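Undergrad: How does the following fold in three dimensions:
(one chain, ligands or ions: 1)
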Amino acid sequence: MTKYDQWETIIGLEVHVQLNTSTKMFSRTPNHFGDEPNTNVGLVDSGQPGTLPILNKAAVKKAIDLGCGLNAEIPSFCAFDRKSYFYPDSPRNYQITQFFHPIIKGGYVMGNVEGVMKKFPIREAHLEDDAGMLRHFSSFTGVDYNRAGAPLIEIVTEPCITCGKEASAFASALRLILIYLDVSNGNMEEGSMRMDVNISVRPRGEKGLRNKTEIKNMNSFSNMELAIEAEVKRQIDAYTAAPNTPHKEVVPSTTMRFDLPTKQTFVIRSKVGAEDYRYFPEPDLPPLCISREVVEEARKNLPELPEQRHTRYIEKLGLSEYQATLFIHDKALADYFEQGLSGCKNPKALCNWITVEFIGKLKDTGKNLLDIHLQAQHVTALINLIEDKVLTGKVAKILADEMIKSPHKSPEVLMKENPDLIPMQNVDEIETIVQSILDKNPQSIIDYNKGISKAFNFLIGQIMQATKGKASPDIVQQVLLKKLTNS
Ligand code: MN
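TA: Numbering: from 1, shown residues only. Coordinates of the predicted model:
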C-alpha cells in the first residue's frame, strides 16, 4: 500500500460538444469545420453593434434528442444568459449560455469501466455558442472566427468519477450516444468534443470537498487519463509535503494545462469565480418554452442507442461481447451489418465475414467494405449460399476475393461468370471421383474397415482436393459412406 492508496479522487467532467447543425447557434452563417479562416463569419457572429441573435431551432431539437437519450428531464422552461469575459476569441465580449435555466437537467450515461457497467449521473446540459480560435504564428497571433457562434451543448456530470479510466469510460459512452443520436459527429481531432476535467482529492473517509483544479480542453481520452493521473499525483504530493499548511493554500483553485511531452499539469491561471462572469439573463433572446408534446415526440422517435444495440447483438443475435463492442464503436460498420441482417440465415456468420474475413482480405489496401461499396446484401447472399450448403468454405473464400474485385456484382452473377466457382452438385459426377479415389487408396479402405477413423477423414480430404473444394461436403460424405459400406 502506497501513500496514494490512502487518498480518494473526485472528478466531474464538463464536456463541450459541437452540434452538427448546418448553421450557427444564433445566425444563419454556415457551421462548417476546416474552411479558410474567417470565411464563415456573419455580422451576428462577429458581434457587430445592432445585430440580434436568432436561436437555431435545429440546435434546440438536437438538445431535446440528447436529453431524451440521456434519460434526463427537459424542463418546460429554459432561458439564455450572458457570460461576460474579455478575450480576443470572443468578438462580443460575452458568451451566450444557459446559466440559470439549462435545457437539460439530470439523466445519466452507462459506461463500461474495464468490463463493469457503471452509471454516471449528469447534473445538467446547457446550450451555448463557441468562441473563435487563436492561431499562433512565429511573430504574431491571428484569430479565426469561423468557430465563433458555432452551436455547443455543454454536458456537466455530477462529481461521480473516481479515476482516469472511469472518465474515459463515461466520455466514450457519451460520444457514442452523441453519434447515434446524430447530435454531433464526435470528431475529437477536429475538437467536436472537448473535456474540461475538475479534480480534487481528499484522504479516504474525509467529509466535504477540498479545492478542485480544472484541466481545460482535453480532446483525447488517453491524454485525459494521463492528465488525471498526473494531476491526482501532484495534489496528493502537495498535501502530503505540507501537512500543516491550510488546504486552500496547498492546492488553490486553478485552471490547468496538461503538457503531453512531460506528462505534467501546469497552472495557467487562478480560477475565476462565477461572480466574475457577471451572469445575467440575455435580453436579446426570449425564454424558451418547450411543450410536452415535442418532448414526447422526440422520446418516441429516439433511434436505437449504442447500449441497446450492444445488448440486442449479444442476446438476440448471439454475437460475442467482443464483436458487439466492436460494432457499436463503429456505427457505420454496424449499420452495414444491419443492412445485411435482413434475409440473412446466419447473423453470427455475417458478423464474422464482415469483421474478420473481409477486413482481413482488405487489410493491405487500407480500405474497408464501405469504401469499396460492396453491398451488404451481396455479403448476405454469400452467407446464405454457405448456409444452404451450395458453397463450401473454400470456394466461398475464392468467391469473396472475386466480390472484392467486382463489388457491384452479386455472388450469383460472379458464379455464373466464373465456372470454377460453380459448386459440384451432380451426384453421378461426385460418385465417379469418389470411386477413383477409392481405387487409388486400397489401404485406406482396409484401415477404415478395421475401425481406424483417420482413414475416413483422409479419404474425404483426397476427394475434396480432387473436386477443388467445389463438391458439397455433405454429398461427398454420403457417397463415400455408401461406397465403403458396400465395398
Ligand atoms: Mn462552457
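
Undergrad: what's around the closest residue to Asp81 other than its chain neighbours, how many residues?
TA: Computed as CB to CB, 6 or more residues apart in numbering, the closest residue to Asp81 that is not its neighbour in sequence is Phe99, at 4.1 Å. From N, CA and C alone the C-beta is placed, and that goes for glycine too. Counted by other CB atoms under 10 Å, the residues lying close to Phe99 total 18.

Undergrad: mind checking how far Phe99 is from Leu127?
TA: Separation of Phe99 from Leu127 (CB to CB, to the nearest Å): 11 Å.

Undergrad: what's the answer for Lys83, then?
TA: 13 Å.

Undergrad: what do you get for Lys24?
TA: With CB to CB as the criterion, Lys24 and Leu127 are 12 Å apart.

Undergrad: repeat for Leu178
TA: Leu178 sits 14 Å away from Leu127, going by CB to CB.

Undergrad: Check Lys105 too.
TA: 13 Å.

Undergrad: next one: Ile179
TA: Distance of Ile179 to Leu127, given as CB to CB: 19 Å.

Undergrad: Also Glu206?
TA: 36 Å.

Undergrad: higher neighbour count, those two?
TA: Leu127 (25 against 12).

Undergrad: What are the neighbouring residues in contact with the closest residue to Val44 other than its chain neighbours?
TA: When the adjacent residues along the chain are set aside, Val44 lies closest to Ser27, with 3.9 Å between them (CB to CB, 6+ apart). Residues near Ser27 by CB atoms under 8 Å, 6 or more residues apart in numbering: 42-45, 53-54, 149.

Undergrad: Name the SS class of Ser27, please.
TA: At Ser27 the chain is in coil, as set by DSSP: H, G, I helix; E, B strand; the rest coil.

Undergrad: same check, this time on the one 5 residues further on
TA: In three-state terms, and counting by three-state DSSP, His32 is coil.

Undergrad: Verify the stated contact: it with Asn40.
TA: Yes: using CB atoms under 8 Å, His32 is in contact with Asn40, at 6.0 Å.

Undergrad: Same drill for those two, tell me which one is more crowded.
TA: Between His32 and Asn40, Asn40 has the larger neighbour count (other CB under 10 Å), namely 23 against 14.

Undergrad: got the contact list for the nearest residue to that one once chain neighbours are set aside?
TA: The shortest distance from Asn40 to any non-neighbouring residue, by CB to CB, 6+ apart, is to Asn146 (4.5 Å). The contact partners of Asn146, by CB under 8 Å, 6+ apart, come to 32-33, 35, 37-41, 132-133.

Undergrad: Please repeat the previous calculation with a cut-off of 7 Å.
TA: 35, 37-41 (CB atoms under 7 Å, 6 or more residues apart in numbering).

Undergrad: hang on, it in a helix?
TA: Yes: assessed by three-state DSSP, Asn146 belongs to a helix.

Undergrad: and the worst-scoring helix or strand of the chain on mean pLDDT, what does it pack onto?
TA: Least confident helix or strand, the chain: helix 473-486 with a mean of 85, by mean pLDDT, DSSP states H and E. In terms of contacts (3 or more CB pairs under 7 Å, 6 or more residues apart in numbering; DSSP states H and E), helix 473-486 is packed against helix 427-440, helix 453-466.

Undergrad: ok, 10 Å please
TA: Helices and strands touching helix 473-486, as assessed by 3 or more CB pairs under 10 Å, 6 or more residues apart in numbering; DSSP states H and E, comprise helix 427-440, helix 442-449, helix 453-466.

Undergrad: In a markdown table: these, plus mean pLDDT.
TA: Shown next, in a markdown table, are these (pLDDT from 0 to 100):
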| stretch | mean pLDDT |
| --- | --- |
| helix 427-440 | 89 |
| helix 442-449 | 89 |
| helix 453-466 | 89 |
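
Undergrad: Now for Lys24 and Leu127: what residues contact both?
TA: Common contact partners of Lys24 and Leu127 (CB atoms under 10 Å, 6 or more residues apart in numbering): 56, 59, 151.

Undergrad: Got a ChimeraX select line for the buried ones in those residues?
TA: Remark: buried members of the shared contacts of Lys24 and Leu127, expressed as a ChimeraX selection using 16 or more other CB atoms under 10 Å:
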select :56,59,151
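
Undergrad: Pick the one among the shared contacts of Lys24 and Leu127 closest to Ala298.
TA: Ala59 (13.7 Å; CB to CB).

Undergrad: State the mean pLDDT of the host helix or strand of that closest one.
TA: Taking DSSP states H and E as the criterion, Ala59 maps to helix 57-69. In this model, helix 57-69 has a mean pLDDT of 98.

Undergrad: Remind me what that helix packs against, helices and strands.
TA: Helix 57-69 packs on strand 104-105, strand 116-129, strand 151-157, helix 164-180, helix 292-300, going by 3+ CB pairs under 10 Å, 6+ apart.

Undergrad: on that earlier part again, compare the helices and strands packed on helix 473-486 and give me the one nearest Ser192.
TA: helix 453-466 (52.7 Å).

Undergrad: for the closest one, packing partners?
TA: Using 3+ CB pairs under 10 Å, 6+ apart as the contact test, the elements touching helix 453-466 are helix 427-440, helix 442-449, helix 473-486.

Undergrad: Now the second one: buried residues?
TA: Neighbour counts over helix 442-449 (16+ other CB under 10 Å) mark 444-445, 447-448 as buried.

Undergrad: Need the max-distance pair from the residues you listed.
TA: So, the buried residues of helix 442-449 by CB to CB: farthest apart are Ile445 and Asp447, at 7.3 Å.

Undergrad: Quick check: neighbours shared by these two?
TA: Residues within reach of Ile445 and of Asp447 at once, by CB under 10 Å, 6+ apart, are 455, 459.

Undergrad: Doesn't Leu226 belong to a strand?
TA: No: applying three-state DSSP, one finds Leu226 to be helix, outside a strand.

Undergrad: Residue ranges in this protein under the pLDDT threshold?
TA: 487 (pLDDT under 70).

Undergrad: what about Asn187, distance to Asn457?
TA: Where Asn457 is concerned, Asn187 sits at a distance of 53 Å (CB to CB).

Undergrad: typo on my end, it should be Leu70
TA: From Leu70 to Asn457 the distance is 57 Å (CB to CB).

Undergrad: before we move on, what about Gln98?
TA: Counting by CB to CB - Gln98 and Asn457 are separated by 71 Å.

Undergrad: Would you mind telling me which of these two has more residues around it?
TA: Shown here are Gln98 and Asn457; by other CB under 10 Å, Gln98 has more neighbours (23 against 11).

Undergrad: if I pick the more buried one, what's in contact with it?
TA: With contacts taken as CB under 10 Å, 6+ apart, Gln98 has the following neighbours: 63, 78-81, 83, 104, 124-128, 153-154, 282, 288.

Undergrad: same thing but 6 Å
TA: 80, 126-127 (CB atoms under 6 Å, 6 or more residues apart in numbering).

Undergrad: residues touching the nearest residue to it once chain neighbours are set aside, list them.
TA: Distances taken as CB to CB, 6+ apart put His126 closest to Gln98, at 3.6 Å, once the chain neighbours are dropped. By CB under 6 Å, 6+ apart, the contact set of His126 is 98, 102, 154.
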